[in-house]
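In: just a sequence and a predicted model for now, questions to come.
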Amino acid sequence: EPEVTQTPSHQVTQMGQEVILRCVPISNHLYFYWYRQILGQKVEFLVSFYNNEISEKSEIFDDQFSVERPDGSNFTLKIRSTKLEDSAMYFCASRPPFGGANVLTFGAGSRLTVL
Amino acid sequence: QKEVEQNSGPLSVPEGAIASLNCTYSDRGSQSFFWYRQYSGKSPELIMFIYSNGDKEDGRFTAQLNKASQYVSLLIRDSQPSDSATYLCAVIQRGGADGLTFGKGTHLIIQP
């Protein structure tokens, strides 16, 4: 069964460092998403991406965050200067171009620990 | 602030019984409603989605939607220990292009 692949599975970084989280969405999907989940809290929407541009972003997705689709397969989330409160599980998700349901397939997640 | 509310639990149900999970949402214009299952340390996994008022059944799972009461529920029949997980309710709000708003989830424990 097709899956969304995320790397790394776990990254530890120092506060103030830049981090790039990578995702390979399902190959025929055209809509891509990043969500995050702070330990013990709810899953929060960060950003959606379609046709090489951001289609929607939340208040969390401020200037320290950016997304990019550098080639035909990867979708990345960059955090420019990490803060302690950025420690969370980051989930990438994608969905196909057609169909009535906004049914997302989530990747296994990248756990980010900021020290 | 548009919210999706769930009782965090834990909800403890004997094996073989019906588990009933509830969710309310604040945005009356919400369009689509989803139930995800999340095991500890894992990513959300879709169980069901529902758009229209009424019931929708898929195997042991039934989703119920009442837009007038802004209420969504999930019933799990013949509960199994493997159903023990956190169940997340999620909605697409009015005007939300595609970002899901999640509730905090209900922790369900099926007791053998």
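Out: Yep, it's here.
In: in chain B, where is pLDDT below threshold?
Out: B:1, B:94-98 (pLDDT under 70).
In: cutoff 90 now
Out: B:1-3, B:27-32, B:51, B:92-100 (pLDDT under 90).
In: which neighbouring elements make contact with the host helix or strand of A:S66?
Out: Assigned by DSSP states H and E, A:S66 falls within strand A:65-68. If you count contacts as 3 or more CB pairs under 8 Å, 6 or more residues apart in numbering or on different chains; DSSP states H and E, strand A:65-68 packs onto strand A:43-50, strand A:75-79. Where you see a C-beta, it was placed from the backbone N, CA and C, and this is true even at glycine.
In: pick the most buried one from those strands.
Out: strand A:43-50 (a mean of 22; mean count of other CB atoms under 10 Å in any protein chain shown).
In: show residues contacting that one.
Out: A:30-38, A:54-58, A:60-61, A:65, A:67, A:69, A:75, A:77, A:91, B:38, B:44, B:88, B:90, B:97-102 (CB atoms under 8 Å, 6 or more residues apart in numbering or on different chains).
In: so what strands line up beside it?
Out: Sheet pairing of strand A:43-50 (DSSP bridges) gives strand A:31-37 (antiparallel), strand A:53-57 (antiparallel).
In: sorry, back to before: mark which of the contacts of strand A:43-50 are buried, thanks.
Out: By neighbour count, with 16 or more other CB atoms under 10 Å in any protein chain shown, the contacts of strand A:43-50 hold A:31-37, A:56-58, A:61, A:65, A:67, A:69, A:75, A:77, A:91, B:38, B:44, B:88, B:90, B:98-102 as buried.
In: hmm, back to that, ranking the helices and strands packed on strand A:65-68 by mean pLDDT, which is last?
Out: Of all those, the minimum mean pLDDT falls on strand A:43-50 (a mean of 93).
In: what angle do that strand and strand A:75-79 make?
Out: Here strand A:43-50 runs at an angle of 120 degrees relative to strand A:75-79 (axes from the mean of the first three to the mean of the last three CA atoms, to 10 degrees).
In: strand A:43-50: how far from the chain's middle?
Out: 7 Å (CA atoms, centre = their mean, to the nearest Å).
In: which non-adjacent residue is nearest residue 54?
Out: You didn't pick a chain, so chain A it is. Using CB to CB, 6 or more residues apart in numbering or on different chains and skipping residues adjacent in sequence, the residue nearest A:I54 is A:V47, 5.8 Å away.
In: sorry, should have said chain B
Out: B:L65 (6.6 Å).
In: also B:S82?
Out: B:I110 (7.8 Å).
In: restrict whichever strand or helix holds that neighbour to CA atoms and write it as PDB.
Out: For B:I110, the host element (DSSP H and E) is strand B:106-111. Extracted in PDB, the C-alpha atoms of strand B:106-111 (Å, rounded to 0.1, in the frame of the first residue of the first chain):
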ATOM      1  CA  THR B 106     -10.400  10.400  23.600                       C
ATOM      2  CA  HIS B 107      -8.300   7.700  25.100                       C
ATOM      3  CA  LEU B 108     -10.100   4.400  24.800                       C
ATOM      4  CA  ILE B 109      -9.200   1.300  26.800                       C
ATOM      5  CA  ILE B 110     -10.800  -2.100  26.000                       C
ATOM      6  CA  GLN B 111     -10.500  -4.400  28.900                       C
END
